[in-house]
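Trainee: the following comprises the amino acid sequence and a computationally predicted model.
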Amino acid sequence: MKKVEIFDPALCCPTGVCGPSVDPELTRMASAVFLLQKKGFDISRYNLANEPGKFAENEAVNKILHEKGPDALPVTLLDGEIIALGNYPTNEQLSEWSGINISELKEKKSVKKIDFK
């Protein structure tokens, strides 16, 4: 089984729903990672603000931070090899690596209506 590690820049939260504007890319990643973990796929995300030790422990990521600075983040590793720098993996890539159908990685819209009476 493949292992994916995503090293995020310093974020207040991984979902992107905090702060003045929502980042749809962070929301997509949070949803995809949650779904993949739920299905047993080996995928992890590390936030520079909350887990700086993970960045220091990983020689490749540490080297990138020293050479290019935090603007190079996010960094994605597949089985320990850097495969993406400065952007997140696509749902297509995640589907390919995990063997999970891409349709399962799409955000499902809630159809439940809320009654405010």
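Mentor: All right, it came through fine.

Trainee: work out which residue lies at the spatial centre of the protein.
Mentor: M29 (4.6 Å; Cα atoms, centre = their mean).

Trainee: which element is that one on?
Mentor: Taking DSSP states H and E as the definition, M29 sits inside helix 24-38.

Trainee: could you say what helices and strands that helix packs with?
Mentor: With contacts taken as 3 or more Cβ pairs under 8 Å, 6 or more residues apart in numbering; DSSP states H and E, helix 24-38 sits against strand 3-8, strand 42-47, helix 91-98. From N, CA and C alone the C-beta is placed, and that goes for glycine too.

Trainee: any stretches of this structure with poor pLDDT?
Mentor: 14-20, 107-117 (pLDDT under 70).

Trainee: thinking again about what came up before, export the helices and strands packed on helix 24-38 to CSV and tack on mean neighbour count?
Mentor: Conversion of these to CSV gives the following (neighbours: other Cβ atoms under 10 Å):
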stretch, mean neighbour count
strand 3-8, 20
strand 42-47, 19
helix 91-98, 18
